[in-house]
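Visitor: any chance you could fold what I've pasted below:
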Amino acid sequence: MLSIYLPQNGDILRQGLKFFLLNTLYIFLSAAILVVFLFVLINISPMVPGLIIVAYLVFVAFFYFNYWIKFISKFTKYHLKYKPLYGFLISLFGILPNLIYYVILALLVESDPNSCGGGEFFAFIILFLTSITMPFVGLISSFKK
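Guide: Numbering: from 1, shown residues only. The predicted model follows:
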(Lines give C-alpha, C1' and ligand atoms only; values in the text may rest on other atoms or scores of the structure.)
Protein backbone atom coordinates (compact mmCIF):
# COMPACT_ATOMS: atom_id res chain seq x y z
CA MET A 1 0.00 0.00 0.00
CA LEU A 2 2.87 2.35 0.72
CA SER A 3 4.21 1.89 -2.81
CA ILE A 4 1.53 4.16 -4.32
CA TYR A 5 2.89 7.00 -2.17
CA LEU A 6 6.45 6.44 -3.35
CA PRO A 7 7.93 7.92 -6.54
CA GLN A 8 7.03 6.24 -9.81
CA ASN A 9 9.74 7.94 -11.90
CA GLY A 10 12.68 10.32 -11.62
CA ASP A 11 10.93 13.54 -12.63
CA ILE A 12 12.01 15.97 -9.93
CA LEU A 13 9.19 18.49 -10.45
CA ARG A 14 6.36 15.98 -10.54
CA GLN A 15 7.71 13.84 -7.72
CA GLY A 16 8.72 16.95 -5.77
CA LEU A 17 5.14 18.21 -5.95
CA LYS A 18 3.90 14.78 -4.87
CA PHE A 19 6.35 14.82 -1.95
CA PHE A 20 5.24 18.35 -1.02
CA LEU A 21 1.55 17.40 -1.03
CA LEU A 22 2.03 14.16 0.91
CA ASN A 23 4.14 15.94 3.54
CA THR A 24 1.57 18.71 3.84
CA LEU A 25 -1.19 16.17 4.31
CA TYR A 26 0.83 14.21 6.87
CA ILE A 27 1.77 17.28 8.91
CA PHE A 28 -1.70 18.78 9.05
CA LEU A 29 -3.45 15.47 9.75
CA SER A 30 -0.96 14.74 12.53
CA ALA A 31 -1.52 18.20 14.01
CA ALA A 32 -5.32 17.82 13.78
CA ILE A 33 -5.20 14.45 15.54
CA LEU A 34 -3.00 15.95 18.26
CA VAL A 35 -5.43 18.84 18.79
CA VAL A 36 -8.35 16.42 19.12
CA PHE A 37 -6.40 14.27 21.60
CA LEU A 38 -5.48 17.34 23.63
CA PHE A 39 -9.04 18.63 23.66
CA VAL A 40 -10.31 15.30 24.97
CA LEU A 41 -7.48 14.78 27.45
CA ILE A 42 -7.61 18.28 28.93
CA ASN A 43 -11.28 17.74 29.68
CA ILE A 44 -10.42 14.46 31.45
CA SER A 45 -7.33 15.55 33.40
CA PRO A 46 -5.15 18.64 32.97
CA MET A 47 -2.00 16.75 34.07
CA VAL A 48 -1.95 14.05 31.35
CA PRO A 49 -1.41 16.02 28.09
CA GLY A 50 2.32 16.76 28.49
CA LEU A 51 3.29 13.11 28.49
CA ILE A 52 0.86 12.33 25.69
CA ILE A 53 2.29 15.13 23.52
CA VAL A 54 5.83 13.81 23.86
CA ALA A 55 4.81 10.21 23.15
CA TYR A 56 2.66 11.28 20.18
CA LEU A 57 5.43 13.42 18.67
CA VAL A 58 7.95 10.58 18.96
CA PHE A 59 5.45 8.22 17.30
CA VAL A 60 4.68 10.67 14.48
CA ALA A 61 8.34 11.59 13.97
CA PHE A 62 9.35 7.93 13.62
CA PHE A 63 6.98 7.36 10.71
CA TYR A 64 7.78 10.77 9.23
CA PHE A 65 11.54 10.05 9.09
CA ASN A 66 10.89 6.54 7.85
CA TYR A 67 8.73 7.83 4.99
CA TRP A 68 11.33 10.44 4.02
CA ILE A 69 14.07 7.84 3.83
CA LYS A 70 11.94 5.43 1.77
CA PHE A 71 10.74 8.17 -0.60
CA ILE A 72 14.21 9.58 -1.23
CA SER A 73 15.82 6.16 -1.59
CA LYS A 74 13.23 5.15 -4.17
CA PHE A 75 13.49 8.50 -5.99
CA THR A 76 17.28 8.38 -6.26
CA LYS A 77 17.15 4.85 -7.72
CA TYR A 78 15.87 6.47 -10.93
CA HIS A 79 19.06 8.56 -11.16
CA LEU A 80 22.35 6.87 -11.89
CA LYS A 81 24.48 9.99 -11.62
CA TYR A 82 24.46 12.68 -8.92
CA LYS A 83 22.28 10.69 -6.49
CA PRO A 84 23.19 12.86 -3.47
CA LEU A 85 22.29 16.01 -5.40
CA TYR A 86 18.89 14.62 -6.38
CA GLY A 87 18.29 13.40 -2.83
CA PHE A 88 19.06 16.87 -1.49
CA LEU A 89 16.90 18.62 -4.10
CA ILE A 90 13.85 16.43 -3.49
CA SER A 91 14.28 17.11 0.24
CA LEU A 92 13.93 20.82 -0.45
CA PHE A 93 10.46 20.13 -1.84
CA GLY A 94 9.69 18.16 1.30
CA ILE A 95 10.62 20.93 3.73
CA LEU A 96 8.25 23.51 2.23
CA PRO A 97 5.24 22.15 4.21
CA ASN A 98 7.35 22.33 7.37
CA LEU A 99 8.06 25.99 6.75
CA ILE A 100 4.37 26.65 6.12
CA TYR A 101 3.46 24.79 9.31
CA TYR A 102 6.05 26.78 11.28
CA VAL A 103 4.67 30.10 10.02
CA ILE A 104 1.10 29.08 10.85
CA LEU A 105 2.08 27.82 14.29
CA ALA A 106 4.14 30.93 15.02
CA LEU A 107 1.26 33.18 13.95
CA LEU A 108 -1.32 31.27 16.01
CA VAL A 109 0.72 31.27 19.20
CA GLU A 110 -0.27 34.24 21.27
CA SER A 111 2.68 36.44 22.15
CA ASP A 112 1.80 37.24 25.73
CA PRO A 113 4.40 39.40 27.51
CA ASN A 114 4.08 37.13 30.56
CA SER A 115 4.59 33.99 28.46
CA CYS A 116 7.82 32.02 28.71
CA GLY A 117 7.81 31.58 24.93
CA GLY A 118 6.99 27.88 25.02
CA GLY A 119 4.91 27.97 21.83
CA GLU A 120 7.56 29.79 19.86
CA PHE A 121 10.20 27.40 21.21
CA PHE A 122 8.06 24.40 20.23
CA ALA A 123 7.58 25.85 16.73
CA PHE A 124 11.32 26.48 16.40
CA ILE A 125 12.14 22.89 17.44
CA ILE A 126 9.78 21.60 14.73
CA LEU A 127 11.39 23.94 12.21
CA PHE A 128 14.89 22.88 13.20
CA LEU A 129 14.23 19.15 13.27
CA THR A 130 12.46 19.09 9.95
CA SER A 131 13.73 21.94 7.82
CA ILE A 132 17.39 21.75 8.70
CA THR A 133 17.98 18.07 9.38
CA MET A 134 15.71 16.58 6.71
CA PRO A 135 17.74 17.75 3.68
CA PHE A 136 20.74 16.05 5.25
CA VAL A 137 18.64 12.94 5.85
CA GLY A 138 17.79 13.10 2.14
CA LEU A 139 21.43 13.49 1.25
CA ILE A 140 22.49 10.54 3.39
CA SER A 141 19.57 8.30 2.39
CA SER A 142 20.41 8.80 -1.27
CA PHE A 143 23.48 6.66 -0.67
CA LYS A 144 21.27 3.77 0.48
CA LYS A 145 21.23 0.94 -2.04
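
Visitor: how about the contacts made by the closest residue to residue 124 other than its chain neighbours?
Guide: Distances taken as C-beta to C-beta, 6 or more residues apart in numbering put residue 102 closest to residue 124, at 7.8 Å, once the chain neighbours are dropped. Backbone N, C-alpha and C define where each C-beta goes, glycine included. Applying C-beta atoms under 8 Å, 6 or more residues apart in numbering to residue 102 gives the contacts 123-124, 126-127, 131.

Visitor: how close does residue 102 sit to residue 75?
Guide: Counting by C-beta to C-beta, to the nearest Å, the gap from residue 102 to residue 75 is 24 Å.

Visitor: do residue 10 as well
Guide: 7 Å.

Visitor: common neighbours of these two, please.
Guide: Each of residue 86 lies in contact with both residue 10 and residue 75 under the rule C-beta under 8 Å, 6+ apart.

Visitor: so between those two, which is more surrounded?
Guide: Set residue 10 next to residue 75 and count neighbours by other C-beta atoms under 10 Å: residue 75 wins out with 29 against 16.

Visitor: thinking again about what came up before, could you dump the contacts of residue 102 to CSV with pLDDT?
Guide: Converted to CSV, the contacts of residue 102 look like this (pLDDT from 0 to 100):
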residue, pLDDT
123, 69
124, 75
126, 72
127, 76
131, 76
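
Visitor: pick the one among these closest to residue 36.
Guide: residue 126 (18.6 Å; C-beta to C-beta).

Visitor: doesn't residue 101 make contact with the closest one?
Guide: Yes - because the distance of 6.9 Å satisfies C-beta atoms under 8 Å, residue 126 is recorded as touching residue 101.

Visitor: quick one: pLDDT of residue 48?
Guide: Note on residue 48: pLDDT of 65.

Visitor: heads up, I number from 492, so please use that
Guide: In the new count, where the first residue is 492, that last one comes out as residue 539.

Visitor: just the helices in this structure please.
Guide: With DSSP state H as the criterion, the chain has helices at 503-535, 540-567, 574-599, 609-618, 624-632.
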